[in-house]
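Q: after the sequence you'll find the predicted model.
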Amino acid sequence: MNSNEIEIHKELKKYFGFSQFKGLQEQVITSILDEKNTFVIMPTGGGKSLCYQLPALIQEGTAIVVSPLIALMKNQVDAIRSLSSENGIAHVLNSSLTKTEIAQVKKDITSGLTKLLYVAPESLTKEEYVAFLQSVPISFVAIDEAHCISEWGHDFRPEYRNLRNIIKQLGKVPIIGLTATATPKVQEDILKNLDMADANTFKASFNRPNLYYEVRTKTKSIESDIIRFIKQHKGKSGIIYCLSRKKVESIAEVLQVNGISAVPYHAGLDAKTRAKHQDMFLMEDVDVVVATIAFGMGIDKPDVRFVIHHDIPKSLESYYQETGRAGRDGGEGHCLAYYSYKDVEKLEKFMSGKPVAEQEIGFALLQEVVAYAETSMSRRKFLLHYFGEEFDSETGEGADMDDNVRNPKHKVEAKEQVVK
Ligand code: ADP
Ligand code: MG
């Protein structure tokens, strides 16, 4: 180790209490400290936040962190503040602040106290803020959830598209883009839109060897099938995703009637009920949460043993994110999806009200889900290929962890049936 490496290990320990970097963190941090544009692609839970937090804490000036969700920004600011005796070390700048609070934020930045300033992309469009940020030293701009830039991502946000222009007004500052969802197409889009083809790119593997992938044909007996599955995993925690709130309610009820402890979760429930149901799941007062995709952001329950998709998701990115909530602790995680072409048509119908360009992208993403559901090849290989990653389905880690590999479809038999 050279002195620089010793230095950042020391800082890691000092601020975060960790003795080791996770995955590619050290390389990423070195790139940022070298003031290079940097692009980080790591799965959820990979430790992306630390990649910009640590260099921000070490360097002179304030790092701007762009993040799409106010709740997530607040969490991060609280976490950073808990590492320091100075509240001013991290701030959020947004429209909910009072004049006095804004004055305090500006004062802390000007005095050099603030190392991390979290902003929502729409706040950055405010001229007043931009003018202020031009007048203070900025160490770098980190763009978290950078896939929001791309229409090909699963969470496109138009405000993200203006970021590059605003950052240009701040002078020459390095840009760090971070995302957990980068198909090669989204990746290209991000680099192009941020005008950083020169960026040092760091991509971690997306393989989750402890997850078992399975797709079953959706039939009328899906409910009894799910009940049987859960009873085979008695006492284990699991999530069931459904497309509609109505379905969430009815499945939760069917499970309860059948003696399974389950609660519903969707955006139609009031905040108090949602929080209560989430806590019940986290505290293991119930085994199963039946939910729409509203459930899961920032949920960090390590021992979720299964994730069931009652309906297929709208993209493989969503599928990967949602199934990724299983087996965080490295233990078994069973990912079971039910598939019927009727559901595909339903999703297509939902999209038909949207602008044509959006529809086309939506259909294309959905076709990938269909191909995944219908494939007879290794599902892991298929998924990883979608994320631009090579996987050897014979020797790769977790190679036999899917239904297609364990029970190959017998092509010969199928042919014989056709002949008959
Ligand atoms: P991401 O943004 O990539 O989804 P986070 O930044 O939220 O991931 O980090 C996920 C978890 O990993 C957090 O609980 C964080 O404290 C932990 N973590 C990050 N870096 C390290 C490390 N070097 N050693 C141990 N735990 C780490
Ligand atoms: Mg993150």
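A: All right, it came through fine. Numbers count the residues shown, from 1 in each chain. Ligands and ions are numbered 1, 2, ... in the order given.

Q: now do the longest helix anywhere in the chain, average pLDDT.
A: The single longest helix within the chain, with elements called by DSSP state H, is helix 356-374. Averaged over helix 356-374, pLDDT sits at 94.

Q: kindly report the same for stretch 86-98.
A: The model assigns stretch 86-98 a mean pLDDT of 92.

Q: residues near residue 29, how many?
A: By other CB atoms under 10 Å, the residues close to residue 29 number 22. Any C-beta I mention is one placed from the backbone N, CA and C, and that applies to glycine too.

Q: my read is it is in a helix, agree?
A: Yes - counting by DSSP: H, G, I helix; E, B strand; the rest coil, residue 29 is found in a helix.

Q: can you show me the strands along the stretch 101-250 of the chain?
A: Secondary structure of the stretch 101-250 of the chain (DSSP state E, counting those that start in this stretch): strands at 116-119, 138-143, 175-179, 200-203, 211-217, 237-241.

Q: out of those, which one sits most buried?
A: Burial of these is given as mean neighbour count (mean count of other CB atoms under 10 Å); strand 175-179 ranks first at a mean of 26.

Q: ligand 1 contacts on the protein?
A: Taking CB under 6 Å from any ligand atom, the part of the chain that reaches ligand 1 is made up of 18, 20-22, 25, 42, 44-50, 180.

Q: could the strands of the stretch 101-250 of the chain go into a markdown table alongside mean pLDDT and distance to residue 309?
A: A markdown table is the format used below for those (pLDDT from 0 to 100; distance: least, CB to CB, whole Å):
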| stretch | mean pLDDT | distance to residue 309 |
| --- | --- | --- |
| strand 116-119 | 97 | 33 |
| strand 138-143 | 98 | 30 |
| strand 175-179 | 97 | 23 |
| strand 200-203 | 97 | 26 |
| strand 211-217 | 98 | 9 |
| strand 237-241 | 98 | 5 |
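
Q: buried ones among the residues of the chain next to ligand 1?
A: By neighbour count, with 16 or more other CB atoms under 10 Å, those hold 21, 25, 42, 44, 46-50, 180 as buried.

Q: just put the residues you listed in TSV and tack on pLDDT, secondary structure and distance to residue 392.
A: Compiled in TSV, those are given as follows (pLDDT from 0 to 100; DSSP: H, G, I helix; E, B strand; the rest coil; distance: CB to CB, whole Å):
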residue	pLDDT	secondary structure	distance to residue 392
21	97	coil	27
25	98	helix	26
42	94	coil	22
44	83	coil	24
46	89	coil	22
47	94	coil	26
48	96	helix	27
49	96	helix	32
50	97	helix	31
180	89	coil	23
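
Q: tabulate the residues you listed (a markdown table), appending distance to residue 369.
A: Shown next, in a markdown table, are these (distance: CB to CB, whole Å):
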| residue | distance to residue 369 |
| --- | --- |
| 21 | 35 |
| 25 | 32 |
| 42 | 23 |
| 44 | 19 |
| 46 | 23 |
| 47 | 28 |
| 48 | 25 |
| 49 | 29 |
| 50 | 32 |
| 180 | 18 |
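
Q: which outside residues touch the longest helix of the chain?
A: Applying CB atoms under 8 Å, 6 or more residues apart in numbering, the contact partners of helix 356-374 are 151-152, 154, 215, 312-317, 319, 337, 339, 341, 344, 347-348, 351-352, 354, 379, 382-383, 386.

Q: go through the helix or strand hosting residue 15 and flag the buried ones.
A: If you go by DSSP states H and E, residue 15 is part of helix 3-16. By 16+ other CB under 10 Å, the buried positions in helix 3-16 come out as 8-9, 12, 15.

Q: now do the helices in the stretch 251-400 of the chain.
A: Remark: helices assigned in the stretch 251-400 of the chain by DSSP state H, counting those that start in this stretch are 271-282, 316-323, 341-351, 356-374, 379-386.

Q: chain center to the second one: distance?
A: This points to helix 316-323. 8 Å (CA atoms, centre = their mean, to the nearest Å).

Q: packing partners for that helix?
A: Secondary-structure packing of helix 316-323 (3 or more CB pairs under 8 Å, 6 or more residues apart in numbering; DSSP states H and E): strand 304-309, strand 333-339, helix 356-374, helix 379-386.

Q: is it possible to get JSON lines of those that adds distance to residue 258?
A: Converted to JSON lines, these look like this (distance: least, CB to CB, whole Å):
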{"stretch": "strand 304-309", "distance to residue 258": "15"}
{"stretch": "strand 333-339", "distance to residue 258": "17"}
{"stretch": "helix 356-374", "distance to residue 258": "27"}
{"stretch": "helix 379-386", "distance to residue 258": "29"}
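
Q: return the most buried member of those.
A: strand 304-309 (a mean of 24).

Q: tell me where the model's unsure across this protein.
A: Where the chain drops to pLDDT under 70, the residues are 1-6, 298, 410-420.

Q: how does it look with 80?
A: Within the chain, the stretches with pLDDT under 80 are 1-6, 153-154, 182, 297-300, 409-420.

Q: which one is residue 120 nearest to, not counting chain neighbours?
A: residue 94 (5.4 Å; CB to CB, 6 or more residues apart in numbering).

Q: how about the contacts made by the one you found?
A: Contacts for residue 94 (CB under 8 Å, 6+ apart) come out as 70, 73, 119-120, 123.
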